[in-house]
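# Fold the following for me, if possible:
(one chain, ligands or ions: 1)
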Amino acid sequence: MGKILGIIGGGQLGMMLTEAAKKMPEHISKVIVLDPNQNCSASLVGAEQITADFKNKDAIVELSKKADVITYEIESGDSEVLKSVENNAEINPSPETLKIIQDKFLQKTFLQNNNIPIPEFIKVESLDEVKEGLKKFGYPALLKARRDAYDGKGNFKIDSENEVEKAYDYFKGQKLMLEKFVPFKMEVSVIASRNTKGEIKTFPLVENIHEKNILRQTIAPARTNNKVSQKASKIASDTMDVLKGAGVFGIEMFVTQNDDIVINEIAPRVHNSGHHTLQSSKTSQFEQHLRAILGLDLGNTQLIHNTIMYNILGNLNFEGEYQKLDFSKNNIFLKMYEKKISKPLRKLGHLNIVGMDNQTIDQLLDELSQIKELVEVKSI
Ligand code: AMP
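Residues are numbered from 1 along each chain as shown. All right, here's what the predicted structure looks like:
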């Protein structure tokens, strides 16, 4: 008999996990998501929903009593509450792993202690400490909120002495860290997986292009040489080995001017830069996550086709209902997340442009530029 899977968060990641779960009925009989938005994306593809805030303790207890295994699509869950329900359901990745990852300072300290390369950083607890740190790191440097930051919202790039106080005030008393600026050549990521038995597999390195701090495009594979890709995979595997948690993790990295790799941050969950795997790879990141948390053998991570993933983001100029997007071409796959309302830069869907006839990355980029306009989000 299949297990009942609980997911904290029922947005697009929960939706695509639910869809993957439905293809594994012998292992998963039902999915229940906990999400504050009624008719969340996951509920629209067959997940049962508990409607409550992600941090609502009673709701998490309810989920743990109903589910055999719990996972999450957001990293801001309360690790103490999750720990307290471990007797009811298995939780993967474990609350201990979540606790390390969800605080950027603890995460980087952990990586440093395990000899995994990261940018230089320090904890800062006052304006004076920020100023002291800047003497050491120079300009620019990044002041970062330690917790609950996503899509670049928790960062302030300090370019000069004039901006120090503004940067400090921006965070209004949040716990902070300061990080040396890395003049990177490329932003990349590895989707890495570790199952409950300790087996580790990584997907090939991909290249990420951001706009306004939000992922806009992923190019699979990254346009780097083999040495860089292999270095990144090794760092990702080593990270999974020391972190121990079970599941898929998105490991974001910078390629430096000397072709070194440093980790920017880790997400303890399936990741936007892994959406290309839905069509490009033997196993999708969503199936891989389920395999990992259920203790099944991990799937083959080979990339079969060059692929570009392009995020469909809410138009900057409006909030509200939007025109339905429809697009079909044999090598282009549109996935919409069925969100009713568009908001500026909200992730509403994505497009995978797949090199099924051995197209090069340049050819796929060309194809993308020809169709970009057709997938613009417009108000009704
Ligand atoms: P984060 O929210 O920490 O992932 O950062 C969002 C974006 O800010 C990254 O994708 C980078 O483009 C940039 N960034 C973050 N940290 C650094 C750094 N130490 N040096 C240069 N750019 C950075």
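# Can you report how many residues neighbour Cys40?
For Cys40, the count of nearby residues is 23 (other C-beta atoms under 10 Å). All C-beta spots, glycine's among them, are computed from the backbone N, C-alpha and C.
# should've said Leu106
Neighbour tally, Leu106, other C-beta under 10 Å: 16.
# contacting residues for it?
99-100, 146 (C-beta atoms under 8 Å, 6 or more residues apart in numbering).
# what about 10 Å?
Shown in contact with Leu106 (C-beta atoms under 10 Å, 6 or more residues apart in numbering): 99-100, 123, 146-147, 177.
# how near is it to Lys99?
Distance of Leu106 to Lys99, computed by C-beta to C-beta, to the nearest Å: 7 Å.
# quick one: the residue nearest in space to the middle of the chain from the ligand, how far?
Centroid check for the chain by C-alpha atoms, centre = their mean gives His271 as the closest residue, at 3.0 Å. With distances taken as C-beta to the nearest ligand atom, to the nearest Å, His271 is found 11 Å from the ligand.
# Point out where the stretch 101-250 of the chain drops to low pLDDT.
Along the stretch 101-250 of the chain, segments meeting pLDDT under 70 span 150-152.
# So which residues of it form helices?
Applying DSSP state H, counting those that start in this stretch to the stretch 101-250 of the chain gives helices spanning 104-113, 127-137, 164-170, 226-243.
# With distance to the ligand as added columns, please give those helices in JSON lines.
Below are the helices of the stretch 101-250 of the chain laid out as JSON lines (distance: least, C-beta to the nearest ligand atom, whole Å):
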{"stretch": "helix 104-113", "distance to the ligand": "7"}
{"stretch": "helix 127-137", "distance to the ligand": "9"}
{"stretch": "helix 164-170", "distance to the ligand": "14"}
{"stretch": "helix 226-243", "distance to the ligand": "15"}
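# would you list the ones you listed in JSON lines and tack on distance to Ile191?
Output for the helices of the stretch 101-250 of the chain, formatted as JSON lines (distance: least, C-beta to C-beta, whole Å):
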{"stretch": "helix 104-113", "distance to Ile191": "18"}
{"stretch": "helix 127-137", "distance to Ile191": "30"}
{"stretch": "helix 164-170", "distance to Ile191": "32"}
{"stretch": "helix 226-243", "distance to Ile191": "8"}
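# between those, which one is nearest to Ala21?
helix 226-243 (22.4 Å; C-beta to C-beta).
# for the closest one, the distance to its chain's centre please.
Here the centre of helix 226-243 is set off from its chain's centre by 17 Å, with C-alpha atoms, centre = their mean, to the nearest Å.
# repeat for stretch 367-380
On C-alpha atoms, centre = their mean, the centre of stretch 367-380 falls 24 Å from the chain's centre.
# residues of that stretch that come out buried?
By neighbour count with 16 or more other C-beta atoms under 10 Å, stretch 367-380 contains the buried residues 367-368, 375, 377.
# What is the nearest of those to the ligand?
Nearest to the ligand, judged by C-beta to the nearest ligand atom, of the buried residues of stretch 367-380 is Leu368 at 20.4 Å.
# Report the secondary structure state of that closest one.
With DSSP: H, G, I helix; E, B strand; the rest coil as the basis, Leu368 sits in helix.
# was I right about it contacting Tyr310?
Yes. With contact defined as C-beta atoms under 10 Å, Leu368 and Tyr310 form a contacting pair (5.8 Å).
# Common neighbours of the two, please.
Common neighbours of Leu368 and Tyr310 (criterion: C-beta under 10 Å, 6+ apart): 217, 332, 351, 353, 375.
# Which of these has the largest number of neighbours?
Highest count within the shared contacts of Leu368 and Tyr310 by other C-beta under 10 Å belongs to Ile353, 27 neighbours.
# that older thread, quick check: the residue nearest to the centre of the chain touching Phe249?
Yes. Using C-beta under 10 Å, His271 is in contact with Phe249, at 7.7 Å.
# shared neighbours of these two, anything?
Residues within reach of His271 and of Phe249 at once, by C-beta under 10 Å, 6+ apart, are 190-192, 285, 289.
# between these, which is nearest the ligand?
Closest approach between these and the ligand, by C-beta to the nearest ligand atom: Val190, at 14.6 Å.
# What sits closest to that closest one if chain neighbours are left out?
Computed as C-beta to C-beta, 6 or more residues apart in numbering, the closest residue to Val190 that is not its neighbour in sequence is Ala236, at 3.8 Å.
# do the same with Lys282
Excluding the flanking residues, the one nearest Lys282 by C-beta to C-beta, 6+ apart is Asn300, at 4.0 Å.
# Enumerate every residue touching the one you found.
Here Asn300 is in contact with 201, 281-283, 288 (C-beta under 10 Å, 6+ apart).
# Double-check that it belongs to a helix.
No. With three-state DSSP as the criterion, Asn300 is located in coil rather than a helix.
# Report the separation between it and Ile191.
Taking C-beta to C-beta as the measure, Asn300 falls 13 Å from Ile191.
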